[in-house]
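K.L.:
Sequence first, predicted coordinates after that:
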Amino acid sequence: MPLNPPLSLGPGLLGLGSSALMPHAFPSAGHVVPFLTHPRVPALHLDSGTVLFSPNAICQYFFLLAGEEPNDLTNQWLEWEATELQPAVSRALYCHLVQGKKGGEVLGAIRKTLTYIDQSLTSKATPYLAGEAESVADIVLWATLFPVLRDESCLPDELQALRSWFQTMNLSEPCRSAAVSVLTPKGAQAFKVYLQKQPGPILHWEKPAANEPEEEELAERSLSEEEIAAAAEAWARGPAALPERWQPPSPVLPVEGRRNVLITSALPYVNNVPHLGNIIGCVLSADVFARYCRLRNWNTLYVCGTDEYGTATETKALEEGLTPQQICDKYNAIHVQIYRWFDISFDYFGRTTTTQQTTIAQDIFQRLLARNMLLTDTVDQLRCERCQRFLADRFVEGTCPFCNYEEARGDQCDKCGKLINAVELKKPQCKVCKDSPVVKSSQHLFLDLPQLEERLEKWLEQSWATGNWTANSRFITRSWIRDGLKPRCITRDLKWGTPVPLDGFRDKVFYVWFDAPIGYLSITANYTDQWERWWKNPQQVQLYNFMAKDNVPFHSVIFPCTLLGAEDNYTLVNHLVATEYLNYEDGKFSKSRGVGVFGDMAQDTGIPADIWRFYLLFLRPEGQDSAFSWTDLMLKNNSELLNNLGNFVNRAGMFVCKFFGGRVPPMELGADDKRLLAHVTLELRQYNQLLEKIRIRDALRCILSISRYGNQYIQVNEPWKRIKGHDADRTRAGTVTGVAVNIAALISVMLQPYMPGISATIQRQLCVPQACNVLTDTFLCLLPPGHQIGTVTPLFQKLENEQIEALRKQFGGGQVQAARVASADVTPPGPGGGAVLAGDPQKVKELAEEVAKQADHVRQLKASKAEKGQIDGEVAKLLELKKQLALAEGKTPELPAPKGKRK
């Protein structure tokens, strides 16, 4: 019987300890589900007549029968298993069973997913994926992994948390019974017949981080003779086969019969200087996709701008002694300069403090009002008596009422992700003056989300079915609507904002999360007076929103409800692309503490913008949080760019100049050359497929794989030796050089979305015609024999360890600490470079509480006989806290014993 999907067959279903269910779950060879024409397993036929095929769904059903409701975390794990883990395990099984690879080569296909599970278990310090007890998530993930891993001994030593979890699952009686029933004695070989009939996946190995760069090996997919012949035929057609480059009208407007792509990135708040995480989460990711769309000849408009209204601007203006408008003008210019340096290709970068913003926002409001989509209610708000103002949500901090996270904002908790009303916070504080605010009442307007919920769900169903929404955006949206929507306040007691055009509310402004997304429309309206052709044209326009995950609910629920309620044929988002978070080294970016690289600092490092773009995109947090690392930046620059991509392009061009007078030599393709063309074609097609799915980080690997193919091709054929030989050798040297320089030309086009400056440099050196800047699914001979190239020079410079260590120190808080020492009486710095002021009673109190809390945590770990590594880590944290407390009290901290000292 065919297994579909092959890797999630039975352990997940049977690992629930109910052997009586087995006959119903796994039909005999002759049984066919009534509405299918062939057998299929697993299949669970319910009494209601419904049939469940997915082990994931079947497991959830059994857990529900047992009275165990899934929570947000288990749901997130289940979605991740379906979208990330299953494809990875499928690749690993294919590699092992069909290609005959073993050991590390097989684990390479799933290393990234294994590391993700290990890091999650480590960070939560729980024995199971969703907490202290086994859940449906544990069963499903174990079942998916078991055919590849079988036992924990094959796991790398560094994945200790994963190893412990997998061992625990293997030892449980229900899982052991399931494994015996389904996967022995044949084991994973049971999947071989099925996998042999499937197209082989293109495998990109994930290697563990290393202190030294390693030469990555290419895992070649087997090629058919038809694929090789087709690649050779396409190559021979040359640049004449390329479609003509699309020149969009000015201004760019939708064109009937073309693919019209509208791209937005979340509007950066004007009073903040964006750090690297902000840049990769929004504008840089959107820029890569916009550049790619243009290479595909799609009619593309990319707009963004600064979000300028709200309390944050008023407060910043008070701090700097300027008016709110002056603050907006100042920081908008800073944003523009930063994005210009990063080479972000906006068609228009605007701002929200415009008359167009007022006109469009008030029009949408009036339409909602006329359709009875608004409610009036009294709201309890936090008011700071010292600052004499109502506090915007993000200017209140306190303890989350749901998870007790102590730094929750007044609108949302960054730890558990739940939305919060500021008055629900425990121990609220004004972020400006640190006073405790008081609760005051005020009349406000609300968007009636419950009335719009049915329309929203119908639209979401259609958008999810046809669009590319990232897994986290779907999950966050589901968690919002699962418990039913509630009315959402759209007004605030502020002065700096879009005025509310309604009697009784004219002293108020629109809440920033009602007003800000309308900025996409008003910014486009400032670009062209025909803006409605983009924003009221869902039949012709595909809308892509780029953002970090904390912005998802406002773009997937609140703003769509606003536009649906306005009933004016607005273009709604088709593809919502959200990243996870980018952290800095071992912590978070902090402008105040001088920790991390911010946009206005990157250009002062001496590292070119394209290197920053490459590294941020290489570690783009697509499926999980990632962290910027100076050491890793150096390694990636020196290995991937200098030694791999740069080395290949430079060698290919130099051979043309040195051996053939700067002209591309004639080429006589043999079997090996045609096979190479086919491999490059496969990588090109994979690149296109990934970018169409907005998997930006993975598509970058395809470019690096092509340059590896090129380096191996040159190394094997040694044209520098053959050029000195007989006629046949010189002909061979010409063929290899000609093919290599054409691969370099292709790389220059594929690289354009990622590193536009380097792309332009390669094209200038190789004299690549502008007409070649169109991407198709075929690898063509872009530089024919006789083509004259220019002067070839190295593309990249090596980053030295001394340079990187100096930058690490500079951006680790040291510069802020030096400034504090110069201006205040401070004691030596505490951990992380932050100064601890001696004699500050409030700080002493806070640290004393943290020490007591951490000490209690350590005692609990010891009492529960936790693993030594985990205990040691928490003890080290306790020692650091004690050191900070001693400094705050003006004492000399005790030196820890050498054994427990942390470097």
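P.N.:
On my side now, so go ahead.
K.L.:
Can you give me the end-to-end span of stretch 539-553?
P.N.:
24 Å (C-alpha to C-alpha, to the nearest Å).
K.L.:
Give me the distance between Tyr302 and Lys316.
P.N.:
Using C-beta to C-beta, to the nearest Å, Tyr302 is found at 28 Å from Lys316. C-beta coordinates here come from the backbone N, C-alpha and C atoms, glycine included.
K.L.:
more crowded one of the two?
P.N.:
Tyr302 (26 against 19; other C-beta atoms under 10 Å).
K.L.:
Show the contacting residues for that one.
P.N.:
263-265, 286-287, 290, 345-347 (C-beta atoms under 8 Å, 6 or more residues apart in numbering).
K.L.:
out of those residues, what pair is the most spread apart?
P.N.:
Thr264 and Ser345 (13.9 Å; C-beta to C-beta).
K.L.:
Can you report how many residues lie near the closest residue to Thr126 other than its chain neighbours?
P.N.:
Nearest in space to Thr126, with sequence neighbours left out and distances taken as C-beta to C-beta, 6 or more residues apart in numbering, is Glu132 at 5.8 Å. For Glu132, the neighbour count with other C-beta under 10 Å is 8.
K.L.:
and Glu132, what pLDDT?
P.N.:
The score at Glu132 is 83. That number is its pLDDT.
K.L.:
Give me the distance between it and Asp138.
P.N.:
Glu132 is 12 Å from Asp138, where distance means C-beta to C-beta.
K.L.:
which of the contacts of Tyr302 are buried?
P.N.:
263-265, 286-287, 290, 345-347 (16 or more other C-beta atoms under 10 Å).
K.L.:
Among those, which are located in helices?
P.N.:
Counting by DSSP state H, the buried ones among the contacts of Tyr302 place 286-287, 290 in helices.
K.L.:
Let me have the buried ones among the contacts of Tyr302 in JSON lines, extended by distance to Thr470 and pLDDT.
P.N.:
Below are these laid out as JSON lines (distance: C-beta to C-beta, whole Å; pLDDT from 0 to 100):
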{"residue": "Ile263", "distance to Thr470": "15", "pLDDT": "98"}
{"residue": "Thr264", "distance to Thr470": "15", "pLDDT": "98"}
{"residue": "Ser265", "distance to Thr470": "14", "pLDDT": "97"}
{"residue": "Ala286", "distance to Thr470": "13", "pLDDT": "97"}
{"residue": "Asp287", "distance to Thr470": "17", "pLDDT": "98"}
{"residue": "Ala290", "distance to Thr470": "17", "pLDDT": "98"}
{"residue": "Ser345", "distance to Thr470": "22", "pLDDT": "97"}
{"residue": "Phe346", "distance to Thr470": "22", "pLDDT": "96"}
{"residue": "Asp347", "distance to Thr470": "24", "pLDDT": "97"}
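K.L.:
Domain ranges for this protein, per the record?
P.N.:
Using the TED database, the domain parsing of the chain gives 30-197, 258-378+449-579, 643-788, 844-892.
K.L.:
Poorly predicted segments of the stretch 151-300 of the chain, please.
P.N.:
Within the stretch 151-300 of the chain, the segments meeting pLDDT under 70 span 151-153, 182-221.
K.L.:
is it possible to export the contacts of Tyr302 to CSV including distance to Gly417?
P.N.:
Listed next are these as CSV, based on distance: C-beta to C-beta, whole Å:
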residue, distance to Gly417
Ile263, 26
Thr264, 23
Ser265, 21
Ala286, 23
Asp287, 27
Ala290, 29
Ser345, 32
Phe346, 30
Asp347, 33
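K.L.:
List just the nearest of those to Glu850.
P.N.:
Ser265 (37.7 Å).
K.L.:
hey, what's the closest one bridged with?
P.N.:
For Ser265, the beta-bridge partners under DSSP bridges are Phe546.
K.L.:
In three-state terms, label the residue most central in space within the chain for me.
P.N.:
Centroid-nearest residue in the chain: Glu622, 2.5 Å away (criterion: C-alpha atoms, centre = their mean). Of the three states, Glu622 takes coil according to DSSP: H, G, I helix; E, B strand; the rest coil.
K.L.:
quick one, what contacts it?
P.N.:
Glu622 neighbours (C-beta under 8 Å, 6+ apart): 470, 579-580, 695-698.
K.L.:
any chance of those in JSON lines, with pLDDT and secondary structure too?
P.N.:
What follows is the contacts of Glu622, written out as JSON lines (pLDDT from 0 to 100; DSSP: H, G, I helix; E, B strand; the rest coil):
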{"residue": "Thr470", "pLDDT": "93", "secondary structure": "coil"}
{"residue": "Thr579", "pLDDT": "94", "secondary structure": "strand"}
{"residue": "Glu580", "pLDDT": "91", "secondary structure": "coil"}
{"residue": "Arg695", "pLDDT": "95", "secondary structure": "coil"}
{"residue": "Ile696", "pLDDT": "96", "secondary structure": "helix"}
{"residue": "Arg697", "pLDDT": "94", "secondary structure": "helix"}
{"residue": "Asp698", "pLDDT": "94", "secondary structure": "helix"}
